[in-house]
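1. after the sequence you'll find the predicted model.
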Amino acid sequence: MKVLIATDKQDALSKTDQVFSETIEVVLAANPPTAFKKFDEESFDLVFWEFKFLGSSVDAAAEQYKNIKSKRPGVQLVVLADNDNIRDVIELIKLGAVDYLTHPVDMAEWKLLTERNIVQERRQAELDSLRDLFWRSDDYDLVSTKNPKMKRIYDMIKEVAPTNSIVLLNGETGVGKGVMAKLIHRHSERKDRQFIHVHCGAISESLIESELFGHEKGAFTSAIKRKLGKFELANQGTIFLDEISTLSAAAQVKLLQVLQDSIFQRVGGESDIKVNVRVIAATNENLKDLVEQNKFRKDLYYRLNVFPVDVPALRDRAEDIESLILTLLEKLSSEHSKKINGIEESSLLALKSYNWPGNIRELENLVERAFILERSHQLSSGSFPMEIFEAVDKQSILAIDTELSLASARARNSEVFEKQYLVELLSETEGKINLTAQRAGISERQLNNLMKKHQIFKEDFKS
């Protein structure tokens, strides 16, 4: 662990040998220039920073704190201050500073706070280790893909990730473009820097320039102080511009300037600000069509289209649905005191045949809902909304699997048909056993046995 202590208080500096063990590397800075130089040149896990080193006022200190966090988002910062600065220090705590110590620093309190942050650092290291396993280079993504197009996409991502090339992710809403962007960042040289996600479509046209490029105090009516934009905050890291097709004409001009020259001006500002940022953009619209309709700048389109990646819709990678479901179930089971380890065959076949207009995001929501409702160890049709099965073409449910023998394939599809028939009949009779059995031409006992076999519950059909 490496710690920076930035203070001019000799009382605090003299206690460092007693507070920190030999396993902790301590770097001292007795004035602001030295503190900022050390911070910029070296990497620290924990920083104790004198409040007055940040600025002469609370606004200046807050601005400097934001600059520090934008450079090193993961660093833990503790503020050192005199008692008469406590009210101002609280403002930094609101911004994310982990704690504060007042002068003269109590040695026991200082040691306790340091030990607490060491524990936090270990926990973070464990999480990072798990994250690295999660994103290990031999894996394709959240799950191993069987889809040839997805395999090609992941191979492409592995090639482009270490470069600084702009990547344009094309695909419908919910296909996982955000996951792809994070994957690129995690495999890039900037992986230890910030990843900033900007949902352009969620920001009003009047605010998008300020959000992306910042503004100066007085730039417009509500600009009561300077604000750093996302590009400044993403400096040395990666910025992900989601739904980029929604950018206003003015924002497109500024973005083009950043992509060409790596410079921009804050709204209301005159000085150029230079940044070093990796840009990943995403859209659910065809930008080329928007260019032809004069709704998107042609020069910006060509700047963005350096390395296009077309992410397929979930309906075009049905072979991955089972793996996605099992991964989601594993995650949900770890978060709840409930274990569900699979999905019955007939439901899986129906989900593979469904059109998935909401793609992976819709699948996640439906699996979570089914997980909550399910009462057995496998997801069954009764836990999914009936409209899912109603939307599926009945013929498509009888899927052909050539890996099975003819007899096995016939038997499996017979099971699928049997369950689907009972589900639809029970829906029509609102779960009335006697009426359902009568219409099916079987006894109530036979019906109950079939319902038990297929994990069908009459309560699910009562209005």
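-> Happy to help now that I have it. Numbers count the residues shown, from 1 in each chain.
2. checking the nearest residue to Pro308 once chain neighbours are set aside next. Helix, strand or coil?
-> Spatial nearest neighbour of Pro308, excluding adjacent residues (Cβ to Cβ, 6 or more residues apart in numbering): Leu168 at 4.7 Å. To be clear about C-beta, it is placed using only N, CA and C from the backbone, and glycine gets the same treatment. Judged by DSSP: H, G, I helix; E, B strand; the rest coil, the three-state class of Leu168 is strand.
3. Leu168 contacts Asp310, correct?
-> No - using Cβ atoms under 8 Å as the test, Leu168 is too far from Asp310 to be in contact (9.4 Å).
4. those two: who's more crowded?
-> Neighbours were tallied for Leu168 and for Asp310 using other Cβ atoms under 10 Å; the higher tally belongs to Leu168 (22 against 11).
5. contacting residues around the more buried one?
-> Listed by Cβ atoms under 8 Å, 6 or more residues apart in numbering, the contact set of Leu168 reads 280-283, 287, 304-309.
6. what about the residues you listed, which are in strands?
-> Mapping the contacts of Leu168 onto strands (DSSP state E) picks out 280-283, 307-309.
7. buried subset of these, written for PyMOL?
-> Selection command for PyMOL covering only the buried members of the ones in strands among the contacts of Leu168, criterion 16 or more other Cβ atoms under 10 Å:
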select buried, resi 280+281+282+283+307+309
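8. so which of the ones in strands among the contacts of Leu168 is the closest to Lys71?
-> Nearest to Lys71 among the ones in strands among the contacts of Leu168, counting by Cβ to Cβ, is Ile280 at 20.5 Å.
9. what residues are up against the closest one?
-> Residues in contact with Ile280 (Cβ under 8 Å, 6+ apart) are 166-169, 181, 184-185, 238-241.
10. doesn't Ile153 fall inside a strand?
-> No - read with three-state DSSP, Ile153 is helix and lies in no strand.
11. surely it meets Asp316?
-> No - counting by Cβ under 8 Å, Ile153 stays clear of Asp316, with 12.0 Å between them.
12. higher neighbour count, those two?
-> A count of neighbours by other Cβ under 10 Å puts Ile153 above the other of Ile153 and Asp316, at 20 against 16.
13. which residues touch that one?
-> Ile153 makes contacts with 180, 309-311, as judged by Cβ under 8 Å, 6+ apart.
14. what strand or helix carries Ile93?
-> Using DSSP states H and E, the element containing Ile93 is helix 86-95.
15. leaving out sequence neighbours, find the closest residue to Ile433.
-> Ile433's closest residue in space is Glu444 (Cβ to Cβ, 6+ apart), at 5.5 Å.
16. what is the burial count for the one you found?
-> Neighbour number of Glu444 under other Cβ under 10 Å is 12.
17. from Gln438, how far off is it?
-> From Glu444 over to Gln438 the distance is 9 Å, taken as Cβ to Cβ, to the nearest Å.
18. on that earlier part again, pretty sure the residue nearest to Ile433 contacts Leu435?
-> No - the pair Glu444 / Leu435 is not scored as a contact, 10.1 Å apart, by Cβ under 8 Å.
19. hey, where'd the helices end up in the stretch 1-150 of the chain?
-> All helices of the stretch 1-150 of the chain, identified by DSSP state H, counting those that start in this stretch, fall at 10-13, 16-19, 32-41, 51-54, 58-71, 86-95, 107-134, 148-160.
20. and those as JSON lines, adding distance to Lys230 and mean pLDDT?
-> Shown next, in JSON lines, are the helices of the stretch 1-150 of the chain (distance: least, Cβ to Cβ, whole Å; pLDDT from 0 to 100):
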{"stretch": "helix 10-13", "distance to Lys230": "36", "mean pLDDT": "84"}
{"stretch": "helix 16-19", "distance to Lys230": "37", "mean pLDDT": "80"}
{"stretch": "helix 32-41", "distance to Lys230": "21", "mean pLDDT": "89"}
{"stretch": "helix 51-54", "distance to Lys230": "22", "mean pLDDT": "91"}
{"stretch": "helix 58-71", "distance to Lys230": "10", "mean pLDDT": "85"}
{"stretch": "helix 86-95", "distance to Lys230": "17", "mean pLDDT": "81"}
{"stretch": "helix 107-134", "distance to Lys230": "23", "mean pLDDT": "61"}
{"stretch": "helix 148-160", "distance to Lys230": "22", "mean pLDDT": "89"}
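21. ok, and which of those has the densest surroundings?
-> helix 51-54 (a mean of 22; mean count of other Cβ atoms under 10 Å).
22. tell me the contacts of Ala282?
-> By Cβ under 8 Å, 6+ apart, the contact set of Ala282 is 168-171, 177-178, 181, 240-244.
23. repeat that for Glu216.
-> With Cβ under 8 Å, 6+ apart, Glu216 has these contacts: 223, 226, 266-269.
24. ok, so of the residues you listed, who is nearest Ala81?
-> The closest of the contacts of Glu216, once distances to Ala81 are taken by Cβ to Cβ, is Arg226, at 23.4 Å.
25. give me the below-cutoff pLDDT ranges for this protein.
-> Segments of the chain classed as low confidence (criterion: pLDDT under 70) are 74, 118-144, 391-404, 408-413, 416, 463.
26. domain parsing for it?
-> Domain ranges of the chain: 2-127, 148-312, 316-461, per automatic domain parsing.
27. give the buried residues for the strand or helix carrying Glu390.
-> Following DSSP H and E, the helix or strand that holds Glu390 is helix 386-391. Within helix 386-391, the residues scored as buried using 16+ other Cβ under 10 Å are 388-389.
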